[in-house]
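Novice: Give me a 3D structure for the following:
(one chain, ligands or ions: 1)
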Amino acid sequence: MIEFINVEKTYGNNVKALQDINLKIDQGEFVAIIGLSGAGKSTLIRCINRMHDITGGSLIVDDIDVSSLRGKEVRKFRKRIGMIFQSFNLVTRTSVLKNVLVSFVPELPFWRKLTGVFSKEHKTKALTALDQVGILDKAYVRVDQLSGGQQQRVALARTLAQNPDIILADEPIASLDPVTAKQVMNDFKRINEEMNITVIINIHHVEIALEYANRIIGVRDGKVVFDGKSAEVTEEVLDYIYKGQIEKETMSQDKGE
Ligand SMILES: Nc1ncnc2c1ncn2[C@@H]1O[C@H](COP(=O)(O)OP(=O)(O)OP(=O)(O)O)[C@@H](O)[C@H]1O
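Specialist: Here you go, the predicted model:
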């Protein structure tokens, strides 16, 4: 379980990105975080794997107080949490398989790191992960020869190969066309349902969030302003989450801008 208790995050420039966040997310949930640009969505998910340090409250993941982790403990903890980015973060001039094998580098003995030789077990795990996202046939293709959707699947396979309990995805479909975006979302859904991996997605596409996630967390100005089932999200709820935008637009219309 992931638990936020009165979590705050203030950046060095005094921007209060998160304020008084209280959430409990159970293992196996599929959660979408929605809200305006700058609302604090990225900050919220990046605190979970300590990409950002919280500045107040506590964040507990499976009984581990995330802020108390030091050095090696942070690396060990992060292995359990996969992270997917909008930009895929792949080495495009090398093969799909090598990109997935990269996930094992931290656990390799020094000589294997130097020689780049991976064990049969690691190769099998990597190929299994590629199979799980339906691109096993692309294992030996160079990443730059793949479409955006296929590249995001490679990133997903790399994460799956780590055998994570949680996958955090920061705008994973933002640079994909609508059809490919849905294919990638289907992958997330399947992984969530079949492997009971918690999936937390930060997303701008509201319709897709409602279609795929079971739970929606609406964030506005660093605060959680809605937390409920996707089926409970009405037009009014969306207006409330995105209220800042509506108010701003109304104000500029009033001013004749
Ligand atoms: N590294 C940083 N240093 C200082 N301020 C930051 C930093 N990262 C984010 N912020 C600020 O914190 C607030 C929340 O940003 P965050 O990126 O979490 O929002 P977001 O909802 O994910 O936005 P977007 O949808 O545009 O990615 C914003 O005001 C942003 O400018």
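Novice: Residue 139 - how many residues pack around it?
Specialist: Using other CB atoms under 10 Å, residue 139 has 18 other residues around it. Heads up, the C-betas are built off the backbone N, CA and C, glycines and all.
Novice: no, scratch that, I was asking about residue 19
Specialist: Around residue 19 there are 17 residues (other CB under 10 Å).
Novice: Does it belong to a helix, a strand or coil?
Specialist: Secondary structure for residue 19, judged by DSSP: H, G, I helix; E, B strand; the rest coil, is strand.
Novice: Stretch 39-53 close to the ligand?
Specialist: Yes. Judged by CB under 6 Å from any ligand atom, stretch 39-53 and the ligand are in contact via 39, 40, 41, 42, 43.
Novice: pretty sure the last one is touching residue 17, no?
Specialist: Yes. Residue 43 is in contact with residue 17 according to CB atoms under 8 Å; the separation is 4.2 Å.
Novice: where do the contact lists of those two overlap?
Specialist: 9, 222 (CB atoms under 8 Å, 6 or more residues apart in numbering).
Novice: Tell me which of the residues of stretch 39-53 next to the ligand fall in helices.
Specialist: Among those, the members found in helices (DSSP state H) are 41, 42, 43.
Novice: Closest one of the residues you listed to residue 231?
Specialist: residue 41 (21.3 Å; CB to CB).
Novice: now the helices: where do they sit in the stretch 1-150 of the chain?
Specialist: Using DSSP state H, counting those that start in this stretch, the helices of the stretch 1-150 of the chain run over 41-48, 72-79, 96-101, 110-115, 120-132, 148-161.
Novice: Now mean neighbour count too, for those, in CSV please.
Specialist: Listed next are the helices of the stretch 1-150 of the chain as CSV, based on neighbours: other CB atoms under 10 Å:
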stretch, mean neighbour count
helix 41-48, 22
helix 72-79, 13
helix 96-101, 23
helix 110-115, 10
helix 120-132, 17
helix 148-161, 24
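Novice: Arrange the ones you listed in CSV, one row each, with distance to residue 181 and mean pLDDT as further columns.
Specialist: CSV is the format used below for these (distance: least, CB to CB, whole Å; pLDDT from 0 to 100):
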stretch, distance to residue 181, mean pLDDT
helix 41-48, 17, 96
helix 72-79, 27, 89
helix 96-101, 20, 91
helix 110-115, 36, 57
helix 120-132, 19, 91
helix 148-161, 8, 92
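Novice: got TSV for those, with distance to residue 226 too?
Specialist: As requested, the helices of the stretch 1-150 of the chain are arranged in TSV below (distance: least, CB to CB, whole Å):
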stretch	distance to residue 226
helix 41-48	13
helix 72-79	29
helix 96-101	37
helix 110-115	46
helix 120-132	32
helix 148-161	27
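Novice: nearest to residue 198, of those?
Specialist: helix 41-48 (9.7 Å).
Novice: elements contacting the closest one?
Specialist: strand 2-10, strand 16-25, strand 30-34, strand 56-61, strand 166-170, strand 198-202 (3 or more CB pairs under 8 Å, 6 or more residues apart in numbering; DSSP states H and E).
Novice: Quick one: closest of the ones you listed to the ligand.
Specialist: Among those, the nearest to the ligand by CB to the nearest ligand atom is strand 16-25 (3.6 Å).
Novice: how does the chain divide into domains?
Specialist: Listed by automatic domain parsing, the domain ranges of the chain are 1-80+165-230, 88-163.
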